[in-house]
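Here you go, sequence then predicted model.
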Amino acid sequence: MTQLKTLPTYDPSLFEGAAEGYAQYRTKYPPVVFDKLAEIFHLNGQGRLLDLGTGPGLISIGLRTRFEEVVAIDPDPDMIAEAKRQAAAVGANNITWLEQGAEFIDSSLGKFGVA
């Protein structure tokens, strides 16, 4: 009989206090990366992006203009709060921020062209 492994419980203190530092000091993706993704996936401002483990939103914010809607998920409330601040600073208003673990997503989120 095969035994199923259970997922470890997320430790909310794992990134405690790191959100602002991530946003400020983590290496940003250069625009050429987003341009290349747009070329490969034929992104044209339509469709939906799912960003799992968004952290401070570096990918979600960087790709926001390439999609009609972005759904960004992270289990850390401070990361989501920082991502919202970063998004507001650039006027990114097509991103839905969800504080939850990726393992809890289900079909109620709908379909995505890219994840």
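Right, received. Where do you want to start? If you're wondering where the values come from, they're calculated on a predicted model, not measured in any experiment.

alpha carbons only for contacts and neighbour counts from here, please
Fine.

where exactly do the helices run in the chain?
Along the chain, the segments classed as helices by DSSP state H run 19-25, 31-41, 58-63, 77-89.

Of all the ones you listed, which one is nearest residue 3?
helix 77-89 (32.9 Å; C-alpha to C-alpha).

contacting residues around the closest one?
16-20, 23, 54-58, 61, 73-74, 93, 97-99 (C-alpha atoms under 8 Å, 6 or more residues apart in numbering).

please redo it, this time with the cut-off set to 10 Å
Contacts with helix 77-89, where a contact means C-alpha atoms under 10 Å, 6 or more residues apart in numbering, come from 12, 15-24, 53-58, 60-62, 64, 72-74, 91-100.

Next, count neighbours for the closest residue to residue 43 other than its chain neighbours.
Once flanking residues are discounted, residue 43 sits nearest to residue 66: 5.7 Å by C-alpha to C-alpha, 6 or more residues apart in numbering. Neighbour count of residue 66, defined by other C-alpha atoms under 10 Å: 22.

Looking at strand pairing, list the partners for the residue nearest to residue 98 when sequence neighbours are not counted.
Using C-alpha to C-alpha, 6+ apart and skipping the chain neighbours, the partner closest in space to residue 98 is residue 73 (4.8 Å). With DSSP bridges as the criterion, residue 73 is bridged to residue 52, residue 98.
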